[in-house]
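Participant: just to be clear, the model below is a prediction. Sequence and coordinates:
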Amino acid sequence: MINLLNNLWVLFAAALVFIMTISVGFLEIGELGTGVHRSLYKTILITGISFIVMALIGFNTAFAPTIYGVIGNPFYTQGSFLGFMTSPTAALSTEWWSTTTKYFGTGLLGITYFMFETASASVTLALVSVVILRKVKMSAFVIFSIVYFIIIYNLPAAWIWNPTGWLFILGMRDFAGGLVVHGAAGFAGIAILLRIKQEERKKKLRESPQEVYHINHGFLSLAILLLMLGWLGFNPGNVLAFNYDTLIVVLTTFTAAFAGMISTLVTGYLVNRDTGGILQATNGILMGLIIITPLAGFVSPFSALILGILGGPLFIFAGQRFSKLKTISDPIGLLPEHLTGGLFGIIMIGFFTQHSYAVLSGNSVLPSGIFFGGGFAAMHTLGVETLGIVVVAATVFSLSYVTIFLISKAMHGILENYGKPESVSSSSIKIHSSDQVGYNK
């Protein structure tokens, strides 16, 4: 039965999530300066491509009833261009199959569910795009984007978020995308970085050219404001209904965010005697948001506080490790922030889940975690979540690398023409060595 209130809320949440995509462009500008003029153009392209490709086929391959639990049926009529190919009102009057009482029971129209999941897909590729900066040809990235929204993003989504997906049936849960969004984006980014590295070696470059940092506090402030606004739709929207649990997810999301901010500032001071600043605060908020994303609907606000606090040391440690990789350029922090935080959050499902909260979010299959007396059932959850990480990592990395490799061969390389590596100014080094964001020290 179609629920009007749920549809209105999820459509509103989708609009907020679409804001996140362009916010990634503002984040690039905030950290690298207004000279990165194509950052916003890139995010606008991603939004448009995601909408069209998901409408044509991608929504089906991810969210239609699956074929043997592996991939959604690409010819499912209700999802084939939102059903308008078979009926002029299909998308406007038909309840999407997975939101019926047999499955999620939230009563969403096909067009509502499409808008929300397309927005989530758009954000995922926006995260991947931070590694291309000004290096990769825009035409190459556009081709990669099309493939990404047909199969690369869609397989993990079909396995984990589709109620007929094989990992979902095994009991794996990822509330809002710690693995499907952040983790998968990291694995796709690694594949692109590997191809960039291979082409740079052919150009006789021993180290990957690094971006010069020009911190723009105005754009950075705008970016984190818009990202937090977007996350208000991203996590609570994944309840797929407007109810009591939606409000709990709002609370857990922002509790983790601000705990992450404080933890990062304190850890930065204790480790580096860094007095902090907007850059450190921004990355702390992001780390808290990323960690809570996969389990926002499964934990209490107090657990969210603990998870956010853990985010600070994790971010500093991951930043130090990835900063030693001179052969790649990841100045925005896809790997130490989104990949690391997303995977950490997925693993924490097996430790911090409280069954009573999971039931409220419609995930009664989840037992309480190890820290809440889950015992062997919690160990099973931990095993399934780990299996999901391994399978998604192998699949997304392999498909992404094969795709970008074939594009490279067809286009005689994916790199724009550039010369020797740019030098990072001493002031830039000082700024980023203290907060572990630049990763290019």
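Facilitator: In hand now; what should we look at? Residues are numbered from 1 along each chain as shown.

Participant: grab the nearest non-local neighbour of residue 131.
Facilitator: residue 189 (4.6 Å; C-beta to C-beta, 6 or more residues apart in numbering). Bear in mind the C-beta positions are built from the backbone N, C-alpha and C, glycine included.

Participant: equivalent analysis for residue 328, please.
Facilitator: Ranked by C-beta to C-beta, 6+ apart and with sequence neighbours excluded, the top spatial neighbour of residue 328 is residue 193, at 4.7 Å.

Participant: mind giving me the packing neighbours of the helix or strand where the one you found lies?
Facilitator: Assigned by DSSP states H and E, residue 193 belongs to helix 184-202. Helix 184-202 makes packing contacts with helix 110-128, helix 340-352, helix 375-410 when contacts are defined by 3 or more C-beta pairs under 8 Å, 6 or more residues apart in numbering; DSSP states H and E.

Participant: those helices: which one's closest to residue 291?
Facilitator: helix 340-352 (4.4 Å; C-beta to C-beta).

Participant: export the following helix or strand past that closest one to PDB, keeping only CA atoms.
Facilitator: Beyond helix 340-352 on the C-terminal side, the first helix or strand identified by DSSP H and E is helix 355-360. Once non-C-alpha atoms are left out, helix 355-360 reads as follows in PDB (Å, rounded to 0.1, in the frame of the first residue of the first chain):
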ATOM      1  CA  HIS A 355      19.000  -5.700  18.200                       C
ATOM      2  CA  SER A 356      16.200  -3.400  19.500                       C
ATOM      3  CA  TYR A 357      17.500  -0.600  17.300                       C
ATOM      4  CA  ALA A 358      18.000  -2.800  14.300                       C
ATOM      5  CA  VAL A 359      14.300  -4.000  14.600                       C
ATOM      6  CA  LEU A 360      13.100  -0.400  14.500                       C
END
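
Participant: could I get the buried residue list for helix 355-360?
Facilitator: Using 16 or more other C-beta atoms under 10 Å as the test for burial, helix 355-360 gives 355, 357-358, 360.

Participant: ok now it, how far from the chain's centre?
Facilitator: Computed by C-alpha atoms, centre = their mean, to the nearest Å, the chain-centroid distance of helix 355-360 equals 24 Å.

Participant: and the residue nearest to residue 131, what pLDDT?
Facilitator: Each residue has a pLDDT score; the one for residue 189 is 95.

Participant: so where's the chain shaky on pLDDT?
Facilitator: In the predicted model of the chain, residues 34-36, 82-92, 205-213, 326-327, 418-441 satisfy pLDDT under 70.

Participant: hang on, residue 220 in a helix?
Facilitator: Yes: when DSSP: H, G, I helix; E, B strand; the rest coil is applied, residue 220 is found to be in a helix.

Participant: show me the contacts for it.
Facilitator: Residues in contact with residue 220, defined by C-beta atoms under 8 Å, 6 or more residues apart in numbering, are 26-27, 30-31, 278-279, 282.

Participant: now do 10 Å
Facilitator: Residues in contact with residue 220, defined by C-beta atoms under 10 Å, 6 or more residues apart in numbering, are 26-27, 29-31, 277-279, 281-283.

Participant: let's see if you can find the most crowded of those residues.
Facilitator: Top of these by neighbour number is residue 283, holding 30 neighbours under the definition other C-beta atoms under 10 Å.

Participant: helix, strand, or coil at that one?
Facilitator: Of the three states, residue 283 takes helix according to three-state DSSP.

Participant: show me what counts as buried in the helix holding residue 193.
Facilitator: Judged by neighbour count (16+ other C-beta under 10 Å), helix 184-202 contains these buried residues: 184-197, 199-200.

Participant: check stretch 10-19 too.
Facilitator: Of the residues in stretch 10-19, those with enough neighbours to count as buried (16+ other C-beta under 10 Å) are 10-11, 13-14, 16-19.

Participant: go on, stretch 259-269?
Facilitator: Residues of stretch 259-269 classed as buried under the neighbour-count rule (16+ other C-beta under 10 Å) are 259-265, 267-268.

Participant: inside helices: which ones of the contacts of residue 220?
Facilitator: Among the contacts of residue 220, DSSP state H puts 26-27, 29-31, 278-279, 281-283 in helices.

Participant: contacts only, for the residue nearest to residue 131.
Facilitator: Contacts of residue 189 were listed using C-beta under 10 Å, 6+ apart, and they are 127-132, 328, 330, 332, 334-335, 338-339, 396-397, 400.

Participant: if we use 7 Å, what do you get?
Facilitator: When the contact criterion is C-beta atoms under 7 Å, 6 or more residues apart in numbering, the partners of residue 189 are 128, 131, 334-335.

Participant: thinking again about what came up before, isn't the residue nearest to residue 328 up against residue 133?
Facilitator: No: with contact defined as C-beta atoms under 7 Å, residue 193 and residue 133 do not form a contacting pair (10.9 Å).

Participant: so who does the residue nearest to residue 328 touch?
Facilitator: 131, 328, 330.

Participant: one more time with 8 Å, if that's ok
Facilitator: Per C-beta under 8 Å, 6+ apart, neighbours of residue 193: 131, 328-330.

Participant: now the helices and strands packed on helix 184-202 as JSON lines including distance to residue 150 and mean neighbour count?
Facilitator: Putting these into JSON lines (distance: least, C-beta to C-beta, whole Å; neighbours: other C-beta atoms under 10 Å) gives the following:
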{"stretch": "helix 110-128", "distance to residue 150": "11", "mean neighbour count": "26"}
{"stretch": "helix 340-352", "distance to residue 150": "22", "mean neighbour count": "25"}
{"stretch": "helix 375-410", "distance to residue 150": "10", "mean neighbour count": "17"}
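
Participant: reformat those as a markdown table; add distance to residue 322.
Facilitator: Formatted as a markdown table, these follow (distance: least, C-beta to C-beta, whole Å):
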| stretch | distance to residue 322 |
| --- | --- |
| helix 110-128 | 15 |
| helix 340-352 | 8 |
| helix 375-410 | 17 |
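
Participant: nothing else from me, thank you.
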